[in-house]
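> Here's a sequence, model it:
(chains A, B, C and D)
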There are 2 protein chains.
Amino acid sequence: MTNPTESLSSSLTVDCVIFGLDASSRLKVLLIQRGHEPFEGAWALPGGFVAKYEPLEDAASRILREETGVSDVFIEQLYTVGTPNRDPRGRVVTVVYYALINLVEQSTATKSDNKAVEWYPIDNLPQLAFDHADIMKMAIQRLRGKVRYQPIGFELLPESFTLTQLQNLYETILGKELNKRNFRTKILKMDILKEGSILRGVAHRPAQLYRFDEAKYQDYVKRGFNFEL
Amino acid sequence: MTNPTESLSSSLTVDCVIFGLDASSRLKVLLIQRGHEPFEGAWALPGGFVAKYEPLEDAASRILREETGVSDVFIEQLYTVGTPNRDPRGRVVTVVYYALINLVEQSTATKSDNKAVEWYPIDNLPQLAFDHADIMKMAIQRLRGKVRYQPIGFELLPESFTLTQLQNLYETILGKELNKRNFRTKILKMDILKEGSILRGVAHRPAQLYRFDEAKYQDYVKRGFNFEL
DNA sequence: TCAAAAGTGTTTAGTTTACACCCATGC
DNA sequence: GCATGGGTGTAAACTAAACACTTTTGA
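Model prediction:
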C-alpha cells in the first residue's frame, strides 16, 4: 500500500558498476577518484542523483553515457542499498545498476573532465569509498551467476568473436579453466551463434568468427529452450 | 559518486510479495484490498513507508510482521521500481521485497484490523493496483529461477517434510511434472537433508520425514558445491 | 621449419530419462 | 483386500570429462 501523503525526504541516487572486457580478456570495472570529502582521494563507483521525473534506468544510462560516452549497451538493475549511515552526510538511498561493455570496439573515451577515471581489473581493486566494496562483490557475484544461464557474456565481447575469446571470457568470469573441446561442442550445439568471416592476418591458423544470433536465441527461448553453460 | 547536498524529495516505500504454501501445495500470495483512492477496492501488495532512519530490509520485515504476525522468515530484495507516474499522486520509489513462509505451521494470523486481507493462488490473481501486476510477474519469475539453484524451497515447507511434499512444491513453482524416481535420487544424492521421524497415521505406507540440513549445506558450499535441481 | 593458436576424434565415466514394479498402511 | 501414496531396480540414451592429435597460418 503506497500512500505518499506523508513523504520522506531522502536522497535518491544511482550508481553504476560498469564492467568492461579489454583486449587481453581481462575483466575491468570503471572507477572514479573522489575529489572531495568524504572519502577524498578514494575510488568510487560512478553515480549521481536521480532527477525529479527521471526513470531510474534512464538515470543509470545517463551516468554511463556521461562517464564513458557509451550508450545502447546492456544495463540492468543490481540492488538498492539504503543503510542509514552509509553516507556520513545523511541518508542516501542508492539504486545500483551494472552495465556490460566491450573495451575494444567502444571508444572508451573516458572524458577526463578533470576527474581521475580509471579501469581497474576486478581482481586488483583499490580501496573503495562508502560501501562500494560490498556493492562490487555483489555485482561480480551477479555476473558470475547470470553468465551461466543467460547469454549476457556476448555483451562484453565485440560484435564478432572467436570461440577462444568466448571461452577466455567465461574462464575469466567463472574463475576456472574450461576444457576447449567440451566448451566448443556445448556452445555450438546450442545453435545460437552464426558464423561470420575468418580472422586472417594472425601468425597461426585463422579462426572462424561468430556472432550471437539474438533472433534465433529468442526463438528457441519461446519454445522452452534454456541457455546454460 | 554520491553527493546529497542537493536532495530530491520523493516518497520511499517498501512493498512485499509474500509467498505462502498451503496444505495442498498451492502457492499463494498475500494481498490487501485498498480502502481508498487511488485504486479503491482493488487488490495490492502490502507495503508502507520507510521510516527516516530505518534500514530498507527492516522496513520490509516490519510490514511482513504487521500483515502476517510472522517474523524470522526468508526475505530478500527483489527490485526497485520508480517509474515517474506509477502512482498518480506523485513520484514514489518502491523497493520490493519477497518473502517465503509456510502457511500450515505459521499461524497466518492475518490480523483483520478492518482491512480486507486475502491469500490468493498465484495462478488466479485478481486485478491489481498500480504496477503490482508487473511486480508479481517479476517475483514469480525470480522464485522460479532461484528455486533451481538455491535451496530456498525449504523456506516454504514446514520444518519437517516428506519428499513428496518437496516434489509437489517444485512442480508447483516450476509449473511442470517431475519424475518421482529421479527427483528422489537427485535430491538425496546431494546429501543436504537429514532424516527425521516417520509420518504415521496415514492410510498408506508411512513416509520418511526430512529436514533441510543448513549446516551441512553451508559446509558443502564452502567446498564448492552448487545446489542445483 | 617452427611456434602458436585453431580445430577435431574418441574413449570412458557419469548422469538423466523413462518405465515398471514392490511396500506399508487404514479403512 | 483394496485404494493410496511411499519407495526401489534397472536399462537405454545422453552428457561431461579427459586426452591426444591434426590443421593452418606468419615469420
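> And A:P121, how close does it get to A:R144?
A:P121 is 16 Å from A:R144, where distance means CB to CB, to the nearest Å. Every residue, glycine included, has its C-beta placed from N, CA and C.
> ok, now A:L169?
Counting by CB to CB, the gap from A:L169 to A:R144 is 12 Å.
> and what of A:Y220?
For A:Y220, the distance to A:R144 equals 24 Å [CB to CB].
> Neighbour count for those two, which is higher?
Taking neighbours as other CB atoms under 10 Å in any protein chain shown, A:Y220 and A:R144 compare with A:Y220 leading, 16 against 12.
> Contacts for the helix ranked longest in chain A next, please.
Longest helix in chain A, counting residues (DSSP state H): helix A:132-149. By CB atoms under 8 Å, 6 or more residues apart in numbering or on different chains, the residues outside helix A:132-149 that reach it are A:15, A:17, A:19, A:29, A:43-45, A:78-79, A:81, A:96, A:98, A:100, A:122, A:125, A:127-128, A:152-153, A:170, A:173-175, A:226-229, B:145, B:149.
> Do that helix and DNA strand D come into contact?
No - with CB under 7 Å from any atom of the strand as the measure, helix A:132-149 is seen stopping short of DNA strand D, the closest distance being 11.5 Å.
> Could you list the low-pLDDT ranges of chain A?
Applying pLDDT under 70 to chain A flags residues A:1-10, A:106-114.
> for the residue of chain A at minimum distance from DNA strand D, what are its contacts?
Here chain A gets closest to DNA strand D at one residue, A:R205, 2.7 Å apart by CB to the nearest atom of the strand. Contact analysis of A:R205 by CB under 8 Å, 6+ apart lists nothing.
> With A:L78 instead?
A:V17, A:V96, A:Y97, A:Y98, A:I135, A:M138, A:A139, A:R142.
> Please name the nearest non-neighbouring residue to A:A116.
Counting by CB to CB, 6 or more residues apart in numbering or on different chains, A:Q33 is the residue found nearest to A:A116 once chain neighbours are left out, at 3.7 Å.
> Does that neighbour touch A:L45 like I think?
No - if you go by CB atoms under 8 Å, A:Q33 and A:L45 don't touch, sitting 11.7 Å apart.
> More neighbours: those two, which one.
Remark: of A:Q33 and A:L45, A:L45 carries more neighbours, 28 against 17, as counted by other CB under 10 Å.
> Next, find the distance separating that one from chain B.
8 Å (CB to the nearest CB, to the nearest Å).
> Any residue of stretch A:61-69 touching chain B?
No - shown here: stretch A:61-69 not in contact with chain B (CB under 8 Å from any CB of the partner chain), separated by at least 8.9 Å.
> Just the CA trace of that stretch, in CSV.
C-alpha atoms of stretch A:61-69 as CSV (Å, rounded to 0.1, in the frame of the first residue of the first chain):
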residue,chain,number,x,y,z
SER,A,61,22.1,5.1,-18.7
ARG,A,62,22.8,8.8,-18.4
ILE,A,63,25.6,8.3,-15.9
LEU,A,64,27.0,5.6,-18.0
ARG,A,65,27.0,7.9,-21.0
GLU,A,66,28.4,10.8,-19.1
GLU,A,67,31.4,8.7,-17.9
THR,A,68,32.1,6.5,-20.9
GLY,A,69,30.4,8.2,-23.8
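> got the buried residues for it?
Neighbour counts over stretch A:61-69 (16 or more other CB atoms under 10 Å in any protein chain shown) mark A:S61, A:R62, A:I63, A:L64, A:E67, A:T68 as buried.
> ok, the closest residue to A:F183 other than its chain neighbours - how many residues close by?
Leaving aside its sequence neighbours, A:F183 sits nearest to A:Q167 (CB to CB, 6+ apart; 5.0 Å). Other residues lying near A:Q167 total 18 when counted by other CB under 10 Å.
> Let me see the contact set for A:Q167.
Counting by CB under 8 Å, 6+ apart, the residues that A:Q167 touches are A:L178, A:K180, A:F183, A:R184.
> could you redo the last one with a cut-off of 10 Å?
A:S25, A:E177, A:L178, A:N179, A:K180, A:F183, A:R184, A:I187 (CB atoms under 10 Å, 6 or more residues apart in numbering or on different chains).
> which among the residues you listed end up buried?
A:S25, A:F183, A:I187.
> and stretch A:59-77, how far apart are its ends?
11 Å (CA to CA, to the nearest Å).
> And the residue of chain A closest to DNA strand D, how far from A:H132?
44 Å.
> what are the ranges of the helices in chain A?
A:56-68, A:132-149, A:163-174, A:180-190, A:214-222.
> Going by neighbour count, which residues in the longest one are buried?
Using 16+ other CB under 10 Å as the burial criterion, the residues of helix A:132-149 that qualify are A:H132, A:I135, A:M136, A:M138, A:A139, A:I140, A:L143, A:K146, A:V147, A:R148.
> Send me it as PDB with only the CA atoms.
Extracted C-alpha coordinates of helix A:132-149, given in PDB (Å, rounded to 0.1, in the frame of the first residue of the first chain):
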ATOM      1  CA  HIS A 132      31.200   0.300  -2.700                       C
ATOM      2  CA  ALA A 133      33.400  -2.700  -1.900                       C
ATOM      3  CA  ASP A 134      30.200  -4.600  -0.900                       C
ATOM      4  CA  ILE A 135      28.400  -3.500  -4.000                       C
ATOM      5  CA  MET A 136      31.300  -4.600  -6.200                       C
ATOM      6  CA  LYS A 137      31.300  -8.000  -4.500                       C
ATOM      7  CA  MET A 138      27.600  -8.300  -5.200                       C
ATOM      8  CA  ALA A 139      28.000  -7.200  -8.800                       C
ATOM      9  CA  ILE A 140      30.700  -9.800  -9.500                       C
ATOM     10  CA  GLN A 141      28.600 -12.400  -7.900                       C
ATOM     11  CA  ARG A 142      25.600 -11.500 -10.000                       C
ATOM     12  CA  LEU A 143      27.700 -11.500 -13.200                       C
ATOM     13  CA  ARG A 144      29.100 -14.900 -12.200                       C
ATOM     14  CA  GLY A 145      25.700 -16.400 -11.600                       C
ATOM     15  CA  LYS A 146      23.900 -14.800 -14.500                       C
ATOM     16  CA  VAL A 147      26.500 -15.600 -17.200                       C
ATOM     17  CA  ARG A 148      25.900 -19.300 -16.700                       C
ATOM     18  CA  TYR A 149      22.200 -19.300 -17.600                       C
END
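> Number of residues surrounding A:H36?
9.
> Would you mind confirming that A:Y217 is in contact with A:L193?
Yes - using CB atoms under 10 Å, A:Y217 is in contact with A:L193, at 9.3 Å.
> Which one's more surrounded, the two?
A:L193 (21 against 18).
> show me what contacts that one?
Counting by CB under 10 Å, 6+ apart, A:L193 touches A:151, A:154, A:161, A:163, A:166, A:187, A:208-213, A:216-217.
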